[in-house]
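Chemist: Okay, here's the prediction I keep looking at, along with the sequence it came from:
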Amino acid sequence: MYNILISLAIGLIAGALVALSPLGLWGGFFVFVLVTVAAIFFATRIVMKKVTAIMEVVQKDLQANHPEKAIKVLETALVYAPWQVYLKGQIRSQIGMIHFLRRDFSTAFEFLKEGFIRNWPAMGMLAVTYMKKNKSSLMTDTFEKAVSANKKEPMLWNLYAYCLEETGQHGKAVEVMEKGLKKTDGNDILKANLVLLREGKKMKMKEWGELWYQFHLEKTGNLVKEQTRAMQGRRKIPMR
């Protein structure tokens, strides 16, 4: 927000100076718009360059399995939140996701509920949290906001339908899947799961891989079992 306010101030000063010249009000207005847009562009670029550098450190910490350190580094980025619109929500979404992945759901919730609507995994985690709190109406409201801002994310539509099914809203789950298919131009996994829903069978979410398991709606032990069965089913190569 500071970026916009400062840029407007710079633009007004420049525009006023030009308006007092022979170019008049129209010239002043043109300069005001031009200078304001340019100032916002450069100010945003400077802030985001600093934030990007922080995010690179966070990524390295996560890859090194140092989530606590990653969270602390992310918190340092909050100093730039007043300067950039939506930045606070984006940072809090990232922090919330890390806590959620670590199964610290109560702490995650405090961050996720103030997160960024365009971060669909974070919104999905928030909706799942509401479901586990038996607040199905808030779960639905959260999913509706998420899909409105992320219409092309097939996994989000599938997660929405899955949670509706889990809360006994079968008809609504089918409607959501049908709508999701249209919005995503016909995703194969959505198609398969819609067929299963219509037949009254449980959806197969494991097809989404890690995207699915990050929501902690199915034990990761099931994934290990599936991988073990696959390995055991392969023909052993004889040693020579």
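Modeler: That came through, no problem. Residues are numbered from 1 along each chain as shown.
Chemist: Got the domain ranges for the chain?
Modeler: For the chain, automatic domain parsing gives the domain ranges 1-70, 117-218.
Chemist: Indicate which one of these is closest to residue 104.
Modeler: The minimum distance between residue 104 and those falls on domain 1-70, with 9.7 Å, by CB to CB. No exception for glycine: its C-beta is placed from N, CA and C like everyone else's.
Chemist: mean confidence for that closest one?
Modeler: For domain 1-70, the mean pLDDT works out to 80.
Chemist: show me where this structure has helices.
Modeler: According to DSSP state H, the chain carries its helices in the segments 2-19, 24-63, 67-76, 87-101, 105-112, 120-132, 136-149, 154-166, 170-183, 188-198, 210-213, 220-233.
Chemist: Quick one: closest of these to residue 204.
Modeler: helix 188-198 (6.5 Å).
Chemist: for the spatially most central residue of the chain, what are its contacts?
Modeler: Nearest to the geometric centre of the chain sits residue 119, at 1.5 Å (CA atoms, centre = their mean). Counting by CB atoms under 8 Å, 6 or more residues apart in numbering, residue 119 makes contact with 89-90, 93-94, 97.
Chemist: If you average pLDDT per helix and strand, which one of the protein comes out bottom?
Modeler: helix 220-233 (a mean of 44; mean pLDDT, DSSP states H and E).
Chemist: Mind putting the helices of the chain into TSV with mean neighbour count and distance to residue 204?
Modeler: Converted to TSV, those look like this (neighbours: other CB atoms under 10 Å; distance: least, CB to CB, whole Å):
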stretch	mean neighbour count	distance to residue 204
helix 2-19	16	46
helix 24-63	15	29
helix 67-76	16	30
helix 87-101	22	23
helix 105-112	18	25
helix 120-132	23	18
helix 136-149	18	20
helix 154-166	24	10
helix 170-183	17	13
helix 188-198	16	7
helix 210-213	16	10
helix 220-233	10	11
